[in-house]
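1. Pasting a predicted model and its sequence here:
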Amino acid sequence: MKMASTKKKIDWLKKQKQQNKPLAEYIDVYGGEWLAKQKPWQFEADIAIPCATQNEVNEADAKLFVENGVKYVVEGANMPLTAEAIDYIRLHRVHYAPGKAPMLAAWQCLRLKCRKTLSVSIKPLSKSMSV
C-alpha cells in the first residue's frame with residue numbers, strides 16, 4: 001500500500017469525481033477494501049455520517065450502529081434515516097444530529113461571516129428561519 005497524506009487522498013477523490021471515474025480505483029492506488037453494493041455500517045466506529053438518499057438508512061442499519069459502538073449519527077444528507085431508525089438510535093442513547101442541524105450550523109457560520117464582511121444587520125435566526 002502506498003502511503004499518502006489525507007489531503008492528497010482527498011484531492012485524488014475530488015479529481016475522480018470531477019472526471020466521473022470510479023471511486024473503486026482508490027484501492028488500486030492507496031489500498032483498502034471496496035465494499036461493492038454494501039453499506040459500511042458493519043464496522044466499529046464512534047461516528048456515522050450517512051450521506052444516502054432519503055430514507056435509505058433503516059432500523060436494521062440503526063441496530064448495526066448500536067452494535068458497533070456508534071456514539072454519534074450526523075446526517076450528511078437530506079433525511080437519510082427512516083423514522084424507525086431515528087427512534088431506535090434515540091432509544092439506545094446515540095446522539096443524533098438531523099440533516100437540518102449540520103446545514104443550519106453551516107448557514108449560521110455563513111450568516112456571521114456575512115455580517116462581519118458586509119456590516120449589515122441580519123435578523124436573528126429564530127425570526128428568519130425555522131427548523
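-> That came through fine.
2. Next, find the distance separating Trp41 from Lys100.
-> 22 Å (C-beta to C-beta, to the nearest Å). No exception for glycine: its C-beta is placed from N, CA and C like everyone else's.
3. all strands for this structure, in order.
-> Secondary structure of the chain (DSSP state E): strands at 47-48, 72-74, 95-97.
4. Using TSV, lay out these together with mean neighbour count and distance to Phe65.
-> Listed next are these as TSV, based on neighbours: other C-beta atoms under 10 Å; distance: least, C-beta to C-beta, whole Å:
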stretch	mean neighbour count	distance to Phe65
strand 47-48	18	6
strand 72-74	19	6
strand 95-97	14	10
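5. Would you convert these into CSV that also reports mean pLDDT and distance to Glu59?
-> Putting the strands of the chain into CSV (pLDDT from 0 to 100; distance: least, C-beta to C-beta, whole Å) gives the following:
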stretch, mean pLDDT, distance to Glu59
strand 47-48, 91, 14
strand 72-74, 91, 13
strand 95-97, 91, 14
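6. Figure out which of those is closest to Asn55.
-> Asn55 lies closest to strand 72-74 among the strands of the chain, at 14.5 Å (C-beta to C-beta).
7. Might you report the residue contacts of His92?
-> Counting by C-beta atoms under 8 Å, 6 or more residues apart in numbering, His92 makes contact with Val66.
8. distance of it from Gly31?
-> According to C-beta to C-beta, His92 and Gly31 sit 34 Å apart.
9. and what of Lys39?
-> Taken as C-beta to C-beta, the span from Lys39 to Gly31 is 21 Å.
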